[in-house]
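K.L.:
attaching a predicted model along with its sequence, questions to come.
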Amino acid sequence: MALLEVTNLGIVFGGLQAVDKFDLTIDKGQLYGLIGPNGAGKTTVFNMLTGVYAPTEGDIILDGTSIKGKQPAMISKAGIARTFQNIRLFNQLSVIDNVKVGLHNQIKYSTAEGIFRLPSYYERESQFRGQAMNLLEIFGLQDEAKQLSSNLPYGKQRKLEMARALATNPKLLLLDEPAAGMNPNETAELMETVRFVRDKFKIAILLIEHDMSFVMGLCEKIVVLDYGRIIAKGNPEEVRSNPKVIAAYLGGE
Amino acid sequence: MQFVSFLVNGISLGSIYAIIALGYTMVYGIARMLNFAHGDVIMIGSYLVFVLMGSLGMPPFVAVLGAMVGCTLLGITIERIAYKPLREAPSLAVLITAIGVSYLLQNVALLIWGSNPKSFTSVVKMDPIRLFDGQLVITGETLATIIISVIIMIALTLFVNRTKMGRAMLAVSEDKGAAQLMGINVNRTISLTFAIGSALAAIAGVLLCSTYPTLQPTTGAMPGIKAFVAAVFGGIGSIPGAMLGGVLLGVIESLSKAYISSQMADAIVFGVLVIVLLVKPKGILGKAVKEKV
């Protein structure tokens, strides 16, 4: 059974049909790319999948349950995590605390246990620390754990965002332009990281990216949006040679 | 020696302002709203202690706990009924609602307890401390206020920085959207903030009325405004800022009463605020927000 099944998804802002008749099926462990020109509605799709926007029509089914119209916090619990196009870390918090925020729903103790510092509080907090450090080590951030996240260099901030998203224990990870602002070496390294994350955590990944060599080299399947509609879907070769895609990117009649 | 005595009184008064200011600043940090009804929650808390202790004869400790529970419920209820429906509304609408809630609480208190000032029995049963052959006298109330405030400030700092709910509060105050996408229930976090702020207001009310023992429906108004000033003074949204701002304000007020003029004290306090904001518009510990261009 597919992990994510999106059928006939659409959203209207005022009189603008931003996304229309969007269908998508993602299998467990799949690397899926979502591409399209600027303003095609890619981030809008992410926002609908994560509950930031409520779709006006269609359905989103994650692992057999509909998550359409649920609150973002509920969807996060159901198993979708994301990163952002413009990095949105908690800048006033340390690197490790950013990851701990992601672990919020993984480790449970009540407010009273926290206020009165019962033994269970110490136990759970040390669990928090252990899990957060493990994630940081995977991304090579363990030495910066105590720093403020705003002091990290750009590339490491992107990695931290991914670590924080993985902390929520997702089944599906959405990456919004992970390679934006990276040089070719960093992009190549990122490809390795994304593959590694997929294999290590056994999750599916859907990513938006403008860097074509990145998407073509990494993703198993690609869906192309233009003006809110799907114009092509398939493996990288099929998409690359699709005349509609070429027209959308290079302009055509 | 007189100076030390005025200073200690100032720190004590300032600690009360600081506890109230914490409520203002936490709610502002998380819900981005000025809860002008906060001062009146203090007044309700004091009346609750007055009733529980005076009319029902409960021991002071139990009465204070009762008032804390009462104020916590009141704070959560106010948020749920008056502010939550306005979450997406412009900030002016929320501000006016808060002023409305403030008048509502004052008038409810007026209906229940009348306009005659009640004399509040101090909950602190400690003998004054005499130092330097009786030249310096510190009352039990003053000392208790300072000790309790220090405990509250340490506990709150630990709670916010070291527990998952505290981290959730910090995350929500910085980026509600991203926090939600990490699985944090924003509404519950806001409720928790109101609960903590209101419980602190109850303690502040008891300490205030133990030191200045007249209680009437407008008792909370002036300390509320001054605590708001203290929060802005220290940098609104910042927890250490509220503590620092509160204590500084209390000391300035106490010293100007002593050495300049007791009638001018409030004018001086607000004058200092104006000067601080001219030099540091974000307050002493406020963070300058960088606009991305």
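P.N.:
All right, it came through fine. Residues are numbered from 1 along each chain as shown, chains lettered A, B, ... in the order given.
K.L.:
what residues does the stretch 101-250 of chain B have near chain A?
P.N.:
Within the stretch 101-250 of chain B, the positions near chain A by C-beta under 8 Å from any C-beta of the partner chain are B:155, B:159, B:162-168, B:170-171, B:174-175, B:177-186, B:192. Using the backbone N, CA and C atoms, a C-beta is placed for each residue, glycine as well.
K.L.:
residue A:201 is in contact with residue A:165, isn't it?
P.N.:
No: counting by C-beta atoms under 8 Å, residue A:201 does not reach residue A:165; the two are 10.5 Å apart.
K.L.:
what is the neighbour count of the residue in the stretch 101-250 of chain A positioned nearest to chain B?
P.N.:
Relative to chain B, the nearest point of the stretch 101-250 of chain A is residue A:114 (3.7 Å; C-beta to the nearest C-beta). Number of residues near residue A:114 (other C-beta atoms under 10 Å in any protein chain shown) recorded here: 20.
K.L.:
quick revisit: who has more neighbours out of residue A:201 and residue A:165?
P.N.:
residue A:165 (25 against 16).
K.L.:
close enough to count as contact, the more buried one and residue A:178?
P.N.:
No: counting by C-beta under 8 Å, residue A:165 does not reach residue A:178; the two are 10.6 Å apart.
K.L.:
by contact count, what packs against the top helix by length along chain B?
P.N.:
Criterion DSSP state H: the longest helix present in chain B is helix B:2-31. Judged by 3 or more C-beta pairs under 8 Å, 6 or more residues apart in numbering or on different chains; DSSP states H and E, the packing partners of helix B:2-31 are helix B:38-49, strand B:136-138, helix B:140-162, helix B:164-174, helix B:186-211, helix B:221-234, helix B:239-259.
K.L.:
what's the nearest residue to the spatially most central residue of chain A if we skip its chain neighbours?
P.N.:
In chain A, the C-alpha nearest the mean C-alpha coordinate belongs to residue A:174, at 1.9 Å (C-alpha atoms, centre = their mean). Nearest residue to residue A:174, sequence neighbours excluded (C-beta to C-beta, 6 or more residues apart in numbering or on different chains): residue A:82, at 3.9 Å.
K.L.:
list the contacts for that neighbour?
P.N.:
A:46, A:49-50, A:165, A:173-176, B:181 (C-beta atoms under 8 Å, 6 or more residues apart in numbering or on different chains).
K.L.:
among those, name the buried ones.
P.N.:
Among the contacts of residue A:82, the ones that count as buried by 16 or more other C-beta atoms under 10 Å in any protein chain shown are A:46, A:49-50, A:165, A:173-176, B:181.
K.L.:
return the member of the residues you listed nearest to residue A:134.
P.N.:
Nearest to residue A:134 out of the buried ones among the contacts of residue A:82 is residue A:165 (C-beta to C-beta; 14.9 Å).
K.L.:
look up how far residue B:195 lies from the closest one.
P.N.:
30 Å (C-beta to C-beta, to the nearest Å).
K.L.:
residue B:187 contacts residue B:84, correct?
P.N.:
Yes: if you go by C-beta under 8 Å, residue B:187 and residue B:84 touch, sitting 7.1 Å apart.
K.L.:
thinking again about what came up before, which of the buried ones among the contacts of residue A:82 fall within strands?
P.N.:
A:173-176 (DSSP state E).
K.L.:
tell me the one among the residues you listed nearest to residue B:74.
P.N.:
Among those, and counting by C-beta to C-beta, the member closest to residue B:74 is residue A:174, at 41.2 Å.
K.L.:
hmm, the closest one is touching residue A:209, no?
P.N.:
No: shown here, residue A:174 and residue A:209 do not form a contact pair, counting by C-beta under 8 Å, at 11.8 Å.
K.L.:
show me what contacts residue A:236?
P.N.:
So residue A:236 contacts A:215-217, A:219, A:222 (C-beta under 8 Å, 6+ apart).
K.L.:
please pick the buried ones from those.
P.N.:
With neighbours counted by 16+ other C-beta under 10 Å, the contacts of residue A:236 contain buried members at A:215-216, A:219, A:222.
K.L.:
still on that earlier bit, what is the most widely separated pair among the contacts of residue A:236?
P.N.:
A:217 and A:222 (11.4 Å).
K.L.:
I'd say residue B:132 and residue B:5 touch.
P.N.:
No: contact criterion C-beta under 8 Å: residue B:132 and residue B:5 do not qualify, at 10.3 Å.
K.L.:
more neighbours, those two?
P.N.:
Neighbour comparison, residue B:132 and residue B:5: the larger count goes to residue B:5, with 17 against 9 (by other C-beta under 10 Å).
K.L.:
so the more buried one versus chain A, what's the distance?
P.N.:
In this structure, residue B:5 and chain A are 35 Å apart, going by C-beta to the nearest C-beta, to the nearest Å.
K.L.:
returning to what we had before: any chance of the contacts of residue A:82 in CSV, with pLDDT and distance to residue B:223 too?
P.N.:
As requested, the contacts of residue A:82 are exported to CSV (pLDDT from 0 to 100; distance: C-beta to C-beta, whole Å):
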residue, pLDDT, distance to residue B:223
A:46, 93, 48
A:49, 94, 49
A:50, 93, 44
A:165, 94, 45
A:173, 95, 50
A:174, 95, 49
A:175, 94, 51
A:176, 92, 47
B:181, 91, 39
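K.L.:
dihedrals phi and psi, residue A:71?
P.N.:
With angles defined as degrees, to the nearest 10, residue A:71 sits at phi -70, psi 150.
K.L.:
try residue A:13
P.N.:
Backbone dihedrals for residue A:13, given as degrees, to the nearest 10, come out at phi -110, psi 110.
K.L.:
contacts made by stretch B:125-136 with the rest, please.
P.N.:
B:1, B:4-5, B:8, B:60, B:137-141, B:143-144.
K.L.:
returning to what we had before: pLDDT at the residue of the stretch 101-250 of chain A closest to chain B, what is it?
P.N.:
Residue A:114 carries a pLDDT value of 76.
K.L.:
can you tell me the SS state at residue B:93?
P.N.:
Under DSSP: H, G, I helix; E, B strand; the rest coil, residue B:93 falls in the helix class.
K.L.:
how deep is it tucked in, by neighbour count?
P.N.:
With other C-beta under 10 Å as criterion, residue B:93 counts 12.
K.L.:
what does the one 5 residues further on give?
P.N.:
Neighbours of residue B:98 under the rule other C-beta under 10 Å: 20.
K.L.:
mind checking how far it is from chain A?
P.N.:
Relative to chain A, and taking C-beta to the nearest C-beta, residue B:98 is found at 25 Å.
K.L.:
which residues does that residue contact?
P.N.:
By C-beta under 8 Å, 6+ apart, residue B:98 lies in contact with B:33-37, B:82-83.
K.L.:
how does it look with 6 Å?
P.N.:
B:35-37 (C-beta atoms under 6 Å, 6 or more residues apart in numbering or on different chains).
K.L.:
next one: residue B:100
P.N.:
By C-beta under 6 Å, 6+ apart, no residues touch residue B:100.
K.L.:
go again with 10 Å.
P.N.:
B:36-37, B:82 (C-beta atoms under 10 Å, 6 or more residues apart in numbering or on different chains).
K.L.:
likewise for residue A:67?
P.N.:
A:4, A:49-51, A:59-61, A:74-75, A:77-80.
K.L.:
try 7 Å this time
P.N.:
A:60, A:75, A:78 (C-beta atoms under 7 Å, 6 or more residues apart in numbering or on different chains).
K.L.:
with residue A:19 instead?
P.N.:
A:9-11, A:41, A:44-45, A:228.
K.L.:
try it again with 8 Å
P.N.:
Contacts of residue A:19 by C-beta under 8 Å, 6+ apart are A:9-11, A:41, A:44-45, A:48, A:225, A:228-229.
K.L.:
okay, the residues you listed in CSV with secondary structure next?
P.N.:
Listed next are the contacts of residue A:19 as CSV, based on three-state DSSP:
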residue, secondary structure
A:9, strand
A:10, strand
A:11, strand
A:41, coil
A:44, helix
A:45, helix
A:48, helix
A:225, strand
A:228, coil
A:229, strand
